[in-house]
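> Below is the sequence, then the predicted model.
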Amino acid sequence: MVFFTEHEMVYDPYHLGQATDRLENRFFALRLNDNAETSGASHYRQLTNHFNYLWEDGMPWKEWATVHSDLPQLTSTSET
């Protein structure tokens, strides 16, 4: 998950995985400030630009699945 404000971002990658017989999560968050004034570049600005590119050029899931209908279909199985 990514949370934006005008001058900083909190990035939480949220890792979840199986550890032996149970699921565990590893929580950490990165707080990135827009420090472009001092260094000329910032991780904040790079990730903001990346998000904006994906948001503006993105495609709804159903449309993407139709365009790429030649790919193998995902199936889900449920165990009870």
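Sure, I can see it. Numbering: from 1, shown residues only.
> contacts, neighbours, all on C-alpha from now
Fine.
> Report the next helix or strand after the lengthiest helix in the chain in sequence order.
Under DSSP state H, the helix in the chain containing the largest number of residues is helix 43-57. Under the assignment DSSP states H and E, the closest C-terminal helix or strand after helix 43-57 is helix 61-67.
> Tell me which residues are up against that next one.
Residues outside helix 61-67 that contact it (C-alpha atoms under 8 Å, 6 or more residues apart in numbering): none.
> I'd like the distance from it to the chain centre, please.
Remark: helix 61-67 is offset 19 Å from the chain centroid, using C-alpha atoms, centre = their mean, to the nearest Å.
> Return the alpha-carbon coordinates of it using CSV.
C-alpha atoms of helix 61-67 as CSV (Å, rounded to 0.1, in the frame of the first residue of the first chain):
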residue,chain,number,x,y,z
TRP,A,61,-8.9,-5.5,-15.1
LYS,A,62,-11.8,-6.9,-17.2
GLU,A,63,-10.6,-4.9,-20.2
TRP,A,64,-7.1,-6.2,-19.7
ALA,A,65,-8.3,-9.8,-19.4
THR,A,66,-10.3,-9.4,-22.7
VAL,A,67,-7.3,-7.9,-24.5
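> pLDDT (mean, whole number) over it?
Per-residue pLDDT over helix 61-67 has a mean of 89.
> which helices and strands sit right next to the longest helix of the chain?
strand 30-33 (3 or more C-alpha pairs under 8 Å, 6 or more residues apart in numbering; DSSP states H and E).
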